[in-house]
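give me a model of this one.
(chains A, B, C and D)
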2 protein chains.
Amino acid sequence: MTEASTAFPSSDHDHGSCVAHAVAKAEELCRSRGLRLTEIRRRVLELVWERHGPVGAYALLDTLRSEGMAAAPPTVYRALDFLQEQGLVHRIERLNAFVGCGQPDAPHSGQFLICSECGLAAEIDDPAIDRALTQAAVALGFELRGKTVELEGLCPDCRRSGNGR
Amino acid sequence: MTEASTAFPSSDHDHGSCVAHAVAKAEELCRSRGLRLTEIRRRVLELVWERHGPVGAYALLDTLRSEGMAAAPPTVYRALDFLQEQGLVHRIERLNAFVGCGQPDAPHSGQFLICSECGLAAEIDDPAIDRALTQAAVALGFELRGKTVELEGLCPDCRRSGNGR
DNA sequence: GGAGGATATGTTATAATGTTGCAATGAGAC
DNA sequence: GTCTCATTGCAACATTATAACATATCCTCC
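Residues are numbered from 1 along each chain as shown, chains lettered A, B, ... in the order given. Next up, the predicted model:
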């Protein structure tokens, strides 16, 4: 997950299977925690994974509606809240958008590389970054509860293809 | 700036002089860059510093209006855009809010400690964090353009006074 | 298997944040 | 002085998020 080849999803990977995998993982996780992965929650999770990049809440909402579901903003936000609490999706502050998390079981903070060109977001989990953050907080007597790390720039692919200048 | 005593503004420091100082610095900076620190821009900068903590765009707007200025959302957002471009204020993504920057001349990315209890935000500039971020990006072949680092938790004061549990 | 409580969803309205487009103004260059 | 360009005024609108309250569904316990 800290390797260039895996940080950004390759354009030809098998979406279907990775969505299925994520949902299966979520089901297991909910079972083990005694929580309900309801129809809506599951569908939102699937949609987030299908897109395989940051998705806005209202994009999800539109999709749900187009599928005939009765859905209003709270429907989506509540599902997203639940998924976030369980670590199944992360919110990307810079984009007001959400992405699926590949490691919902391992607690971690979510560090992202966001490509300004293609819009993809790669999650990394770099211990050195985490260590530096923790140390800074300790040094200042700050009790750390949440970390947001979002790096914006050009992903390897877009760099190669000369996009973004 | 990486010291506990200075990271968070102490409750009894001299607001007036630090606002004045920030504005003086901004004026000099604009002069040297051949830019115009107009009435609106200056006032917005002052307001951001007066609050000495994250302020929302609409809070600024309300204040401007209460002072009799003809102001609409674009008025404020344009001023904030300008100030951000010049490094005079930073945006805090987690809060959709803005804070004054004490080091507008030294280019830096803006790393924040945000207290969930008192709402203050302390800017730090920790080289170790920056190094870790840069190295992660390099390792992944990612061309870094912007960094967001926002740590949320309890500031030393609120910790001591037992707020936030 | 039915009552009751907790969890989840439906629904409507509204709040909060941010942007677009175009006209009018004003400051500095020549 | 006039030209040009940056800045501001203004109106409308777009996007993101939440509040409040009613209804439905699930689960447990008897």
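
so A:Cys18 sits right up against A:Trp49, yeah?
Yes - the criterion here is Cβ atoms under 8 Å, and A:Cys18 meets it with A:Trp49 at 6.7 Å. All C-beta spots, glycine's among them, are computed from the backbone N, C-alpha and C.

between the two, which is the more surrounded one?
Neighbour count, other Cβ atoms under 10 Å in any protein chain shown: between A:Cys18 and A:Trp49, A:Trp49 has more, with 24 against 16.

for chain A, longest strand please?
strand A:143-154 (DSSP state E).

name the surrounding residues that touch that strand.
By Cβ atoms under 8 Å, 6 or more residues apart in numbering or on different chains, the surrounding residues in contact with strand A:143-154 are A:92-94, A:109-117, A:129-130, A:133-134, A:137, A:163-164, B:93-94, B:116, B:133, B:136-137, B:142-154, B:159.

residue contacts, the residue sitting nearest the centre point of chain A?
Residue closest to the average C-alpha location in chain A (Cα atoms, centre = their mean): A:Val99, at 2.5 Å. Residues in contact with A:Val99 (Cβ under 8 Å, 6+ apart) are A:Val48, A:Gly53, A:Pro54, A:Val55, A:Val89, A:His90, A:Ile92, A:Phe112, A:Ala121, A:Glu123.

now swap in A:Val55 and tell me
A:Val55 is in contact with A:Leu47, A:Val48, A:Ala97, A:Phe98, A:Val99, counting by Cβ under 8 Å, 6+ apart.

can I get those residues in JSON lines including secondary structure, distance to DNA strand C and pLDDT?
Formatted as JSON lines, those follow (DSSP: H, G, I helix; E, B strand; the rest coil; distance: Cβ to the nearest atom of the strand, whole Å; pLDDT from 0 to 100):
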{"residue": "A:Leu47", "secondary structure": "helix", "distance to DNA strand C": "14", "pLDDT": "97"}
{"residue": "A:Val48", "secondary structure": "helix", "distance to DNA strand C": "15", "pLDDT": "97"}
{"residue": "A:Ala97", "secondary structure": "strand", "distance to DNA strand C": "13", "pLDDT": "98"}
{"residue": "A:Phe98", "secondary structure": "strand", "distance to DNA strand C": "16", "pLDDT": "98"}
{"residue": "A:Val99", "secondary structure": "strand", "distance to DNA strand C": "20", "pLDDT": "97"}
